[in-house]
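A.B. asks: What shape does this take:
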Amino acid sequence: MTRLPKLSRRAALKGAGATLALPWLEAMGNPSKSKPPVRFCGILFPYGIAIPKEDTPEREWGWFPTGKGKDYQLTNPLKPLENLKEHFSIFGGLSHPKCRSMNGHDTGDTWLTGNKLSNITYRNTISLDQFIAKHIGLQTRHASLTTSTDGGIGPRTRSTTLSYTVKGQPVPALSNPRQIFNHLFAADQAGKATQARLQNSASILDLTLEQANSLHRQLGKADQAKLDEFQTSVRQVEKRIENANRWLSIPLPEVDASLLKLDADPKDADDYISVSFDLLYLALSTDLTRTVAHQLGSYGPTLARTFPAAAGLPSDWHKLAHAADKPGGAEQLGKFDQYLAGHLANFLQRLKDTPVSPDGETLLDRTLVLYGSSNSRTHNNTNYPLLLAGGNKLGLRHDHFLQYGQNVPMSNLFLTMLKAMGIEAESFAGSTGTLGELLA
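C.D. replies: Below is the predicted model:
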């Protein structure tokens, strides 16, 4: 009788630039009954899409499918996703009601928040990714990852980040591929100093809470309520410090950087877009974070405007979008949308090919990937082009084109996603309910 090797449940294979978990094998013993974790990835592209008139030759270059419900057909721009239809749904008619009156290129800031930016304060609200990170972020080394082509936060209404804190402050995005890689995978060269700094911070917080407790008894009810809010904030910082300290002693995944084009520059769009998706995949597949938000380009005059050149098109994304209603314009913009859909298809396929449980569940089954824009036609803030992929093991049913009227806000999709992820929320960003058609 052949004796089977005994494998650790932490056994992994090295390949594709990362150390990835093996599917469950008999040699690992009885499988754990715990479910694999859930993950979220949001990806925005700017400037909207082509929406040609029905019954015209250019209709095949419109982003939205023909037909409806289960009886729909992908048009040319989304054809690269054909083999993955059972893993995604497409939505028509959804948008953020509060944002419909905003300038057409101001809404990238609000795609994950659903909040109208005031002309005076420009104050935003928490973004979907950061809301999710609040609930699952302490389970990983990095609570979330925010990336974009241009990095930083950019000017208000032309933001270069999709992520906003609970107080509506922008979370700076990382853009340089090597910087993103080092943020995820580079070991802390000053580990002892970092640990000492964290311990010192924890001691200061302990003292702060002790003094606050003593002060609490001397205050009136109104001031006690304010102090309680302050203490809650201090405890949240305390949790983050404890989490950071814990991860210092846990080895990072081994990743071969030589397999990635980390020196890619946005001026070389094909390599840059490819490595951006590589890094999103590695961040999720190595479980360094479970929440990522990526902006393929902002609405400002940034480097992303030149990206269509990678598909052999004129190197001005903004002009392509504005010309989409002119003769031949839908085809040109549609060809670039098709190019982007090809990168998305590769990303989703990699998630699908990554097993995460002995039951055959894949990373795509446990990840929600939201892809789309905050315009339909450029400058039009209704009928966002939206695609949600993944989550087949989270209670979602796919392979349909769902169309809604303007009385259904995009935030209903957000609430549906939160429900699928097991995150309790009565509402989010003005939602009025869930999308029952999406739930199994």
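A.B. asks: Helices of the chain, start to end?
C.D. replies: 128-136, 177-185, 191-216, 221-248, 269-285, 317-322, 329-352, 411-420 (DSSP state H).
A.B. asks: Kindly provide the whole-number mean pLDDT of the third one.
C.D. replies: Per-region confidence: helix 191-216 scores 52 on mean pLDDT.
A.B. asks: And for the second one?
C.D. replies: With pLDDT averaged residue by residue, helix 177-185 scores 92.
A.B. asks: Pull the distance from that helix to the chain's centre.
C.D. replies: Averaging C-alpha positions (C-alpha atoms, centre = their mean, to the nearest Å) puts helix 177-185 17 Å from its chain's average.
A.B. asks: that older thread, compare the mean pLDDT across the helices of the chain and name the weakest.
C.D. replies: What stands lowest among the helices of the chain, in mean pLDDT terms, is helix 191-216, with a mean of 52.
A.B. asks: distance of residue 371 from residue 389?
C.D. replies: Noted for residue 371: a distance of 7 Å to residue 389, by C-beta to C-beta, to the nearest Å. (Each C-beta comes from the backbone N, C-alpha and C, glycine too.)
A.B. asks: What is the neighbour count of residue 270?
C.D. replies: 15 (other C-beta atoms under 10 Å).
A.B. asks: and if you look at residue 407?
C.D. replies: 8.
A.B. asks: Residue 66 - how many residues pack around it?
C.D. replies: Count around residue 66 with other C-beta under 10 Å applied: 14.
A.B. asks: Now do the same contact list for the residue nearest to it when sequence neighbours are not counted.
C.D. replies: For residue 66, ignoring the flanking residues on the chain, the nearest one in space by C-beta to C-beta, 6 or more residues apart in numbering is residue 73 at 5.1 Å. Shown in contact with residue 73 (C-beta atoms under 8 Å, 6 or more residues apart in numbering): 65, 66, 67.
A.B. asks: Which pLDDT value goes with residue 73?
C.D. replies: 97.
A.B. asks: can you check residue 303 too?
C.D. replies: 83.
A.B. asks: Can you give me every residue that contacts it?
C.D. replies: Residue 303 touches 149, 150, 266, 267, 297, counting by C-beta under 8 Å, 6+ apart.
A.B. asks: May I see the ChimeraX selection of the buried members of those residues?
C.D. replies: A single ChimeraX command selects the buried members of the contacts of residue 303 (16 or more other C-beta atoms under 10 Å):
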select :149,150,266,297
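A.B. asks: Which of the contacts of residue 303 fall within strands?
C.D. replies: Among the contacts of residue 303, DSSP state E puts none in strands.
A.B. asks: out of the contacts of residue 303, who's nearest residue 276?
C.D. replies: residue 149 (7.8 Å; C-beta to C-beta).
A.B. asks: got a list of what residue 59 touches?
C.D. replies: So residue 59 contacts 52, 53, 66, 75 (C-beta under 8 Å, 6+ apart).
A.B. asks: By pLDDT, give me the weakest of the residues you listed.
C.D. replies: Per-residue pLDDT puts residue 53 lowest of the contacts of residue 59, at 91.
A.B. asks: what's the burial count for that one?
C.D. replies: So residue 53, with other C-beta under 10 Å, has 10 neighbours.
A.B. asks: Would you check how far apart residue 413 and residue 376 are?
C.D. replies: Taken as C-beta to C-beta, the span from residue 413 to residue 376 is 15 Å.
A.B. asks: Those two: which is more packed in?
C.D. replies: Taking other C-beta under 10 Å, residue 413 and residue 376 do not tie; residue 413 has more neighbours (26 against 22).
A.B. asks: wait, doesn't that one sit right on residue 94?
C.D. replies: Yes. If you go by C-beta atoms under 8 Å, residue 413 and residue 94 touch, sitting 6.2 Å apart.
A.B. asks: Next, show the common contact partners of the two.
C.D. replies: residue 386.
A.B. asks: who are the neighbours in contact with the closest residue to residue 301 other than its chain neighbours?
C.D. replies: Closest residue to residue 301 apart from its sequence neighbours, by C-beta to C-beta, 6+ apart: residue 318 at 7.9 Å. By C-beta under 8 Å, 6+ apart, the contact list for residue 318 reads 47, 301, 305, 378.
A.B. asks: which among these end up buried?
C.D. replies: 47, 305, 378.
A.B. asks: Give me the buried positions along stretch 403-422.
C.D. replies: 403-404, 408-421.
A.B. asks: ugh, wrong one, I meant stretch 260-272
C.D. replies: So for stretch 260-272, counting by 16+ other C-beta under 10 Å, buried means 260, 261, 262, 264, 266, 269, 271, 272.
A.B. asks: Alpha carbons only: can I get that stretch in CSV?
C.D. replies: Output of stretch 260-272 as CSV, limited to C-alpha atoms (Å, rounded to 0.1, in the frame of the first residue of the first chain):
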residue,chain,number,x,y,z
LEU,A,260,6.1,41.5,-13.2
LYS,A,261,6.7,44.6,-15.3
LEU,A,262,7.1,46.8,-12.3
ASP,A,263,8.9,49.5,-14.3
ALA,A,264,5.9,50.0,-16.6
ASP,A,265,4.9,53.6,-17.1
PRO,A,266,1.4,54.9,-18.0
LYS,A,267,3.0,56.2,-21.3
ASP,A,268,3.4,52.5,-22.2
ALA,A,269,-0.3,51.8,-21.6
ASP,A,270,-0.5,48.1,-22.5
ASP,A,271,2.2,47.1,-20.0
TYR,A,272,1.0,49.5,-17.4
